[in-house]
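Novice: Can you look at this prediction? I've put the sequence above it.
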Amino acid sequence: MVCLLFAVLGCWLPSIGVPAADRGIGGTGAPPASGPQISDRGIGGTGIVGVITGFGSVLVDGLEVAYTPATPVTVDEAPEPGAELRVGQLVTIVASEDNGLHAVSIDVRHQVSGPVTAVSADGRSFVVAGQNVLIEDKTEGLSTVHPGDWVAVSGLPAPDGEITASRIDQRTPGTILVRGTAESGAPGTPGWRIGDLGVQPPNGVNIAPGIGVTVHGTMVNGTLSDTTAEPDVLSSDPVAFFGGHVRRMVIESYVSGAGGRVRLGRGLFAAPGRGIFVPAGAHRAIVQFERGAHGEFVATHLRRAGGPDAPRHAPFERGRRGALEPPHGARNAFGPPRYQPHFSWNRRPDFGRGGFMQGRRGRPR
């Protein structure tokens, strides 16, 4: 998310990709320039990246975001008529802040989408388009896959590039989509690679190694060819992705810390932390970034990710298993009080816009 999975950090990189449109208090963030236009009313709104954990409104990163049938929903930044929101999907949301959060636009973001080429003996991991994918007990959608299946994978990439699937959906064969970090190919060979996938870039496209990219193409002799490639701005610079007038970002990702800075995913983006503490290693967590007085973003709140099974209102305490532990005196509540949701996690439907509400406790089907 973010991954993502799920971030704003402080080691600032040059903005790549198209400039974000001017957005004001109506909404934080701007999926590419073709995204919704927000009237210029100053700094405000919230940009959100995270996994859908339920509905009523749409529940993401512990926030309840209202939306209506008229809210634009895209898939991988492209219109898809009849697109449904489903539990486990990773989404980016541009939300206004007017008596609560209201979605201006929602984009369903797949980390990889293509053919399965290998499955582990225990069925808990597989390879799709050269990317390693891990299936967890709480992964939604398909629970088993087979070589030759075409699937779309929602999830967050760990720093080593392995994707922890939050949802797996079957799809029809066609164009392959892969997001990841571009690396140099084997010595003496043209092109570059993402994970174990060789990529033959389009003519005239020069991608520097270490840059996050999104590529589309078809497989030819084990290499992705006939490709389109563009920088994955969200993974490298969420501020540029969400636009210059973002007041707040709430992002789910694998989070690590070093030198007083909070890093997301593979560390393409990092920001100073204020009053929070990240233990050694990478942890799946939700980070809130707030704009400072001089326009810079600072990580101000941190909480463990985990959907309905994670503690929702209890602070992170030293010694709590799996918790991200702030030092004594650090702020540990997540988000402004007015955005703390007060709903029951027993209300978890399988999908929105015409979906049903599950009335009993437990994971949705």
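Specialist: Everything's here; your move. Fair warning: this is a prediction, and the values are worked out from it, not measured in the lab.
Novice: Kindly point out the strands partnered with the host helix or strand of residue 50 and how each is oriented relative to it.
Specialist: Assigned by DSSP states H and E, residue 50 belongs to strand 46-55. Strand 46-55 pairs in its sheet with strand 58-60 (antiparallel), strand 90-97 (antiparallel), strand 248-258 (parallel), by DSSP bridges.
Novice: And the next helix or strand past the last one?
Specialist: Tracing the chain C-terminally past strand 248-258 and defining elements by DSSP H and E, one meets strand 261-264 next.
Novice: Counting by contacts, list what that next one packs against.
Specialist: strand 248-258, strand 269-272 (3 or more C-beta pairs under 8 Å, 6 or more residues apart in numbering; DSSP states H and E). Backbone N, C-alpha and C define where each C-beta goes, glycine included.
Novice: now the shortest one: how far from the chain's centre is it?
Specialist: Using C-alpha atoms, centre = their mean, to the nearest Å, we find the averaged C-alpha position of strand 269-272 to lie 16 Å away from the chain's own average C-alpha position.
Novice: moving C-terminal of it, what's the next helix or strand?
Specialist: Using DSSP H and E, the next helix or strand after strand 269-272 towards the C-terminus is strand 283-291.
Novice: same for that next one, what does it pack against?
Specialist: Here strand 283-291 touches strand 248-258, strand 297-304, going by 3+ C-beta pairs under 8 Å, 6+ apart.
Novice: mind listing what's buried in the first one?
Specialist: Neighbour counts using 16 or more other C-beta atoms under 10 Å place 248, 249, 250, 251, 252, 253, 254, 255, 256, 257 of strand 248-258 among the buried residues.
Novice: Kindly report the same for stretch 92-110.
Specialist: Under the neighbour-count criterion of 16+ other C-beta under 10 Å, stretch 92-110 has 92-97, 101-110 buried.
Novice: cool, and stretch 211-229?
Specialist: Buried residues in stretch 211-229, counted by 16+ other C-beta under 10 Å: 211-217, 219, 223-225, 227, 229.
Novice: With respect to residue 267, which of those residues is nearest?
Specialist: residue 212 (10.9 Å; C-beta to C-beta).
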